[in-house]
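S.K.: one predicted model, sequence on top.
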Amino acid sequence: MRMYDLIMKKRNGEELSKEEMHWMIQNYVKGEIPDYQMSAFLMAVYFRGMTEAETLTMTLEVAHSGDMVDLSGIEGIKVDKHSTGGVGDKTTLIVAPIVAACGVKVAKMSGRGLGHTGGTVDKLESIPNMRMKIEREEFFSIVNRIGLSVVGQSGNLAPADKKLYALRDVTATVDSIPLIAVSIMSKKLAAGSDCILLDVKTGSGAFMKTLEDSVALAKEMVSIGEQAGKRTVALITDMDLPLGQNIGNSLEVIEAVQTLRGEGPSDLTELCLCLSADMLYLAGKGSPESCRTLAEQSIESGEALRRLAAMVEAQGGDASVIWNPEKFAKAAYQREVLAPREGFVTKMNSEGIGIAACLLGAGRETVDGTIDYRAGMVLKKKTGDYVREGEVLAVLYASHPELFASAEKKYLDSVAIEEKKAKELPLIYARVTKEGTLFY
Ligand code: URA
């Protein structure tokens with residue numbers, strides 16, 4: 001077989017066979033296919049797309065390029081969740097304890113943030129002494145005992161995706177629906193859970209900016225999951241404005257704790273209840289409606305918060321910050337961003353606001369960059385709110401005052417204030433299952 005022929009086949013819009021896909025992924029991981037040929041193939045996929053069969057085959061090949069995690073050492077049904085990424089998205093910190101409190105196991109591998117979006121591993125590492133690198137036996141034992149554990153992704157999970165993603169990043173082939181589906185689902189399948197809930201973000205802060213593309217991506221991922229034998233559901237949710245009020249690592253843990261106490265912002269609380277309900281539904285706990293009631297009860301009883309604290313303690317972290325979030329170390333400096341005019345907030349560009357948080361030190365520019373766990377911002381006004389001139393729009397936090405000027409500018413450039421109130425956008429647009437798509 002020759003890579004040249006496979007590139008030509010895809011360039012001409014033909015379908016690759018299982019044998020060809022297997023040969024290509026295997027030899028690419030071994031280093032026998034050079035990046036320049038794989039780049040040409042990816043670009044051909046970008047323009048020609050892939051058939052459903054090709055997308056499934058490529059996903060399975062990429063998943064099997066490294067460890068396939070065997071979670072059979074954990075009793076019961078294990079349910080996973082994946083968000084396609086966003087700004088202020090701390091839902092894993094809330095839904096994993098809720099689901100565990102309702103009797104369904106969550107053995108989850110999470111990633112770090114990159115670019116303008118945050119990552120669960122970084123958020124949890126803002127808790128003093130928290131360990132995110134945990135050996136298999138200990139991981140299993142924590143999940144069996146407490147019902148949940150969230151750890152960093154093992155080094156050898158879908159190594160083909162690591163190489164392909166790095167290449168896509170520099171060849172303008174990231175925003176291809178089949179390639180994103182392969183990338184996400186290969187890692188989900190390799191991570192070993194029985195059911196998968198996908199939170200596909202749509203809007204200015206998401207990979208997919210339009211509802212149409214988000215639904216297309218969700219359909220592909222649900223189809224891959226189901227064909228690979230995993231019950232899979234996707235919710236299409238809003239990322240046109242940041243989720244909740246806090247952006248930045250320890251600030252997001254604080255907001256997760258507030259939400260688990262029943263004191264969180266309404267958008268974040270509602271989304272977490274919907275995600276938890278669907279995870280419980282996938283695990284066979286009842287109808288989506290009765291599962292939502294279970295999720296609500298786990299917050300009211302305090303059990304979900306107790307599970308988060310127990311997980312933190314089991315992973316070596318200082319659980320006192322979960323019980324008393326004011327114990328988190330504070331950023332040395334803070335600055336209020338004031339409204340330049342009176343009116344309604346009509347738009348918040350999530351990507352721009354995420355970049356502003358990174359400028360304060362909350363995110364990393366490169367994979368090896370460092371982050372300041374205390375840095376970030378608290379949004380005091382969001383889309384739909386009315387502000388007077390000079391009223392506080394947001395409070396920025398940083399360890400160095402010279403970081404404020406560029407972050408404040410980026411923040412203000414990302415927010416529109418106008419006379420007329422804008423139409424309210426839904427929090428959840430659609431639910432995609434193997435049976436079809438339900439628009440709300
Ligand atoms: N997240 C991933 O893991 N892969 C992509 O391609 C896009 C988002």
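M.R.: Nice, I can see it. Residues are numbered from 1 along each chain as shown.
S.K.: what sits against the residue most central in space within the chain?
M.R.: Using CA atoms, centre = their mean, the residue of the chain that lies closest to the mean C-alpha position is Ser83, 3.2 Å off. By CB atoms under 8 Å, 6 or more residues apart in numbering, Ser83 lies in contact with Asp89, Thr91, Thr92, Asp199, Lys201. In this view, the C-beta of every residue, glycine as well, is placed from N, C-alpha and C.
S.K.: and the nearest residue to Gly13 once chain neighbours are set aside, how many residues sit next to it?
M.R.: Take Gly13 and drop its neighbours on the chain: the residue closest to it by CB to CB, 6 or more residues apart in numbering is Arg48, 4.8 Å away. Look at Arg48: counted by other CB atoms under 10 Å, it has 16 neighbours.
S.K.: distance check, Arg48 against Gly119.
M.R.: 32 Å (CB to CB, to the nearest Å).
S.K.: repeat for Ile98
M.R.: According to CB to CB, Ile98 and Gly119 sit 20 Å apart.
S.K.: more neighbours, the two?
M.R.: Between Ile98 and Gly119, Ile98 has the larger neighbour count (other CB under 10 Å), namely 32 against 22.
S.K.: hey, C-alpha coordinates of the helix or strand Val106 falls within in CSV?
M.R.: Applying DSSP states H and E as the criterion places Val106 in strand 106-110. The C-alpha trace of strand 106-110 is given here as CSV (Å, rounded to 0.1, in the frame of the first residue of the first chain):
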residue,chain,number,x,y,z
VAL,A,106,-18.0,8.3,37.0
ALA,A,107,-14.5,7.3,36.2
LYS,A,108,-13.4,10.2,34.1
MET,A,109,-10.2,11.3,32.3
SER,A,110,-10.1,15.0,31.6
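S.K.: that strand: what's the following helix or strand?
M.R.: Using DSSP H and E, the next helix or strand after strand 106-110 towards the C-terminus is helix 120-125.
S.K.: and the ligand, is that next one touching that?
M.R.: No: Helix 120-125 does not reach the ligand (CB under 6 Å from any ligand atom); its nearest approach is 12.9 Å.
S.K.: show me what counts as buried in the helix or strand that that helix is followed by.
M.R.: Later in the chain than helix 120-125, the nearest helix or strand by DSSP H and E is helix 136-146. Neighbour counts over helix 136-146 (16 or more other CB atoms under 10 Å) mark Phe139, Phe140, Ser141, Ile142, Val143, Ile146 as buried.
S.K.: okay, and for the stretch 1-150 of the chain, where does confidence drop off?
M.R.: By pLDDT under 70, the low-scoring segments of the stretch 1-150 of the chain are 114.
S.K.: get me the contact residues on it for the ligand.
M.R.: Thr84, Gly85.
S.K.: tell me where the stretch 1-150 of the chain has helices.
M.R.: Using DSSP state H, counting those that start in this stretch, the helices of the stretch 1-150 of the chain run over 3-11, 18-29, 35-48, 52-63, 91-101, 120-125, 136-146.
S.K.: which parts of the stretch 301-440 of the chain are strands?
M.R.: 333-338, 343-348, 376-379, 386-387, 392-398, 415-418, 428-433, 436-439 (DSSP state E, counting those that start in this stretch).
S.K.: output the contacting helices and strands for the second one.
M.R.: Under the contact criterion of 3 or more CB pairs under 8 Å, 6 or more residues apart in numbering; DSSP states H and E, strand 343-348 touches strand 386-387, strand 415-418.
S.K.: name every strand pairing with the first one and say which way it goes.
M.R.: Strand 386-387 has these partner strands in its sheet, going by DSSP bridges: strand 343-348 (antiparallel).
S.K.: about what we covered before: for the residue nearest to Gly13, what are its contacts?
M.R.: Residues in contact with Arg48 (CB under 8 Å, 6+ apart) are Lys10, Arg11, Gly13.
S.K.: please indicate which of those are buried?
M.R.: Among these, those classed as buried by 16+ other CB under 10 Å are Lys10.
S.K.: nearest to Glu419, of the contacts of Arg48?
M.R.: Using CB to CB, Gly13 comes nearest to Glu419 of the contacts of Arg48, at 50.1 Å.
S.K.: tally of neighbours for Glu313?
M.R.: 16.
S.K.: that one contacts Ala319, correct?
M.R.: Yes: Glu313 lies in contact with Ala319 (CB atoms under 8 Å); the separation is 4.4 Å.
S.K.: so what touches stretch 37-45?
M.R.: Here stretch 37-45 makes contact (CB under 8 Å, 6+ apart) with 3-4, 6-7, 10-11, 24, 28, 164, 167-168, 171, 173, 176, 178-179.
S.K.: try 7 Å
M.R.: With contacts defined as CB atoms under 7 Å, 6 or more residues apart in numbering, stretch 37-45 is touched by 3, 6-7, 10-11, 28, 167-168, 171, 173, 176, 178-179.
S.K.: how near is the residue of the chain found nearest the ligand to Val215?
M.R.: The nearest approach of the chain to the ligand comes at Ser183, 3.4 Å away (CB to the nearest ligand atom). Using CB to CB, Ser183 is found at 18 Å from Val215.
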